[in-house]
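Peer 1: Mind looking at a prediction? Sequence and model below.
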Amino acid sequence: MDINKISFRVRYGETDQMGVVYHGNYAQYLEMGRIEWLRGLGISYKALEESGIILPVISLSVNFKKSALYDDLITVVTNLKKLPGVKIEFDYMIFNEKNELLVDAHTVLAFIDTKKNKPIRCPEDLIRKISEYQDSVKKSI
């Protein structure tokens, strides 16, 4: 479905004494990928929160293949797995600048109404933007 790529350099503070990225930082890298995926559709995560919708992670799976190192240029590829309902699922791959796969991962997030603290369906605006994007990709093929 919809794919987004972001690249950035690993910062010193994200590594251990051996210059290897601490495993807990990968969850933040995945979050960066999701936020940019939304932004690519013209949706701000901040605006979603301001409208009373949050997206807590309810499942996170990370498979480590190779270490990222200090100052590596890494690319996070974020892919929407399927059209969202109450949940939204993403698959990820993280590569280094040699295009070596470092990590593959999967997250599931739930749409939550902050006022009621209850799950809700994905906002229609987001579904519409995903569908419009998919339609434009199909037309360009």
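Peer 2: Structure's in. What do you need? Residues are numbered from 1 along each chain as shown.

Peer 1: so where do the strands sit in this structure?
Peer 2: 3-9, 53-54, 57-64, 73-80, 87-95, 101-110, 112-113, 118-119 (DSSP state E).

Peer 1: Which of these sits closest to Ser44?
Peer 2: Among those, strand 53-54 comes nearest to Ser44, with 11.6 Å by C-beta to C-beta. Quick note: C-beta positions are derived from backbone N, CA and C, even for glycine.

Peer 1: Counting neighbours, which bits of the worst-scoring helix or strand of the chain on mean pLDDT end up buried?
Peer 2: Ranking every helix and strand in the chain by mean pLDDT, DSSP states H and E puts helix 124-140 at the bottom, with a mean of 80. Neighbour counts over helix 124-140 (16 or more other C-beta atoms under 10 Å) mark Leu126, Lys129, Ile130, Tyr133 as buried.

Peer 1: try stretch 16-30
Peer 2: Those would be Val21, Tyr26, Tyr29, Leu30, for stretch 16-30 by 16+ other C-beta under 10 Å.
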